[in-house]
Structure formats: structure tokens, C-alpha cells
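Visitor: Let me see the structure of the following:
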Amino acid sequence: MFIDTHAHLTDEAFNEDREEVIKFSRECMVKKIITSGFDIPSSFEALSLANKYEGVYASMGVYPENIYEIEDDFEIKFSALAKEKKIVAFGEIGLQYTPDMPEKSKQIEAFLRQLTLADKLNLPVVIHCRDAYGDLLSILQENKNLVNNGGTMHCYGGSFEMAEMLIRLGLHISVGGVSTFKNAQRLKDVLKQIPLQNLLLETDCPYLTPHPFRGKRNSPAFIPTIAQNLADIKGVTVEEVARVTSGNAEEVFRLC
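Guide: Below you'll find the model as predicted:
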């Protein structure tokens, strides 16, 4: 059995065949999927979708690009969502210092606000980070009390040394389609060093489709491809990858 810990099944790319995608993923042994919110509306949509399908769960949060959409009643809305059984995480949240993103101070403010609420709601966090690992690590180390419920570094792209420090804070490292790319040797070298018990699998679908399917829409059905690639990197069987990463996911997100 495999678990896709980060998907975007509410994306319009699935509007024509969402139910078929979920069904086919099950046939590919991907028995559980966490579909992620990236702003307030998509978080409610993720819950609605999770409530419709067995084996589908939801996370809620506001992605860095969307932080200006955070309203005064943000905590009230998300606290109400968190009471729902199929909300299993807070995210994706985090920092992204690429051009055309909100200013750094505003991102940090929103990130801390969401970390605080996640801690209050006793939810693990799903953290997005791009070109901001230094600030991210500093924030997490200075606020260790806000990540007591663990979580995951979504689509990790940092160094092994950074991964070690994040793991010590109680976070898992999530492995997606990028790890299969031919130009991703640095990431492959990092993953080779990280113990399997600290890793999770994800697709981030419909984005970041793994090799050899690049150019096609990504879906949870490609998790076995990502898992086989990770097995090759670590010199273990794909069955071992499935067993350990699924156990990790069930523990982190308290999946039933």
C-alpha cells in the first residue's frame, strides 16, 4: 500500500475525471491521499472532496502567494474546519522568496500566525519552502514549541545538513516527482543519506510529474513510480519503501 501525502485533487486539471483519477489510484495501490488546501476556499473544497471519497483526507492552509487573502476571521474559519474528522494537517504553509511573491516580512508574519494556530489545533504542519531555507530554519528553531505535532517538508529541495536539522525538529522529508528527474542528482544524493523512517511520498499533482511521464498531468497513480525511484536510490525494495513510508504517513497524520 502507498500513501500520497500531498496532492491537489481540487485543481481544475481534474474537473473532467476526478472520480476516475481517485479510482485508478486505488487500483495502483495508492490507498490513501491527502489533498492540500492553499488558501481558504481551496481548504474548504479539499474537505468537501475528502468527505466524498473513502481514503481521501484534507489539509488546510494558506500558501505564501495567497497570504493577502488571510482575513480577520481566519482563525475562526480554520478552527471550525479543524473539528472535521478528515482534516489531518495544517498546510501548505511556509516561505517562498522568489520574484513576484509577497514581501518577506509579510510572509514570515503569516507563517508564524499559521504555525501558532496549527499548534493550538494540535495538527501536524505541511511546510512549503523555496529559496528561503535559512529564514525557515531560524523561525522553526526559535519556535520549536509550535511544531510539537510534527509535520513534513513538502517537496524538499535543501541540503542533507538542513534535512538533519529539520528532522531533529520533528519534521519528515517528503519525496516527490522531482527526485526522478535526470538533472536531480544532488537531491538523489541527499535522499540516499536520509533514513527511510524520516521520509514520506507525495506527488504534488497535477504538478511535478515524475520521469518518464513528464509532460503528462501528474496524479496519485504515479506514487509507485516515485517509490521505485526512491527504492533504487536507497538500494532497498519498493515493498520496503511502501511499508515504511506508509507507516510514517499514518503516524504523522494520524490516518485511520
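Visitor: So for Gln193, what's the nearest residue that isn't a sequence neighbour?
Guide: Phe160 (4.9 Å; Cβ to Cβ, 6 or more residues apart in numbering). Bear in mind the C-beta positions are built from the backbone N, C-alpha and C, glycine included.
Visitor: what residues are up against that neighbour?
Guide: 189-190, 193-194 (Cβ atoms under 8 Å, 6 or more residues apart in numbering).
Visitor: go again using 7 Å as the cut-off
Guide: 190, 193-194 (Cβ atoms under 7 Å, 6 or more residues apart in numbering).
Visitor: same thing with Asp100?
Guide: With Cβ under 7 Å, 6+ apart, Asp100 has no contacts at all.
Visitor: tell me the secondary structure for it?
Guide: Following DSSP: H, G, I helix; E, B strand; the rest coil, Asp100 is assigned to coil.
Visitor: And it, how close does it get to Glu65?
Guide: Distance of Asp100 to Glu65, given as Cβ to Cβ, to the nearest Å: 9 Å.
Visitor: likewise Ala80?
Guide: For Ala80 relative to Glu65 (Cβ to Cβ), the value is 24 Å.
Visitor: who has more neighbours, those two?
Guide: For the pair Ala80 and Glu65, the greater number of neighbours falls to Glu65 (16 against 12), based on other Cβ atoms under 10 Å.
Visitor: tell me the SS of that one?
Guide: State at Glu65, reduced to three classes by three-state DSSP: helix.
Visitor: could you give me the average pLDDT of the helix or strand where Leu117 lies?
Guide: Element membership for Leu117 (DSSP states H and E) is helix 104-120. Mean pLDDT, helix 104-120: 97.
Visitor: got the buried residues for it?
Guide: Neighbour-count burial for helix 104-120 flags 107-108, 110-111, 113-115, 117-119 (criterion: 16 or more other Cβ atoms under 10 Å).
Visitor: and of those, the nearest to Cys28?
Guide: Of all the buried residues of helix 104-120, Cys28 sits closest to Ala118, with 31.0 Å by Cβ to Cβ.
Visitor: which residue packs closest to that closest one, ignoring adjacent ones?
Guide: Closest to Ala118 by Cβ to Cβ, 6+ apart is Phe90, at 3.6 Å.
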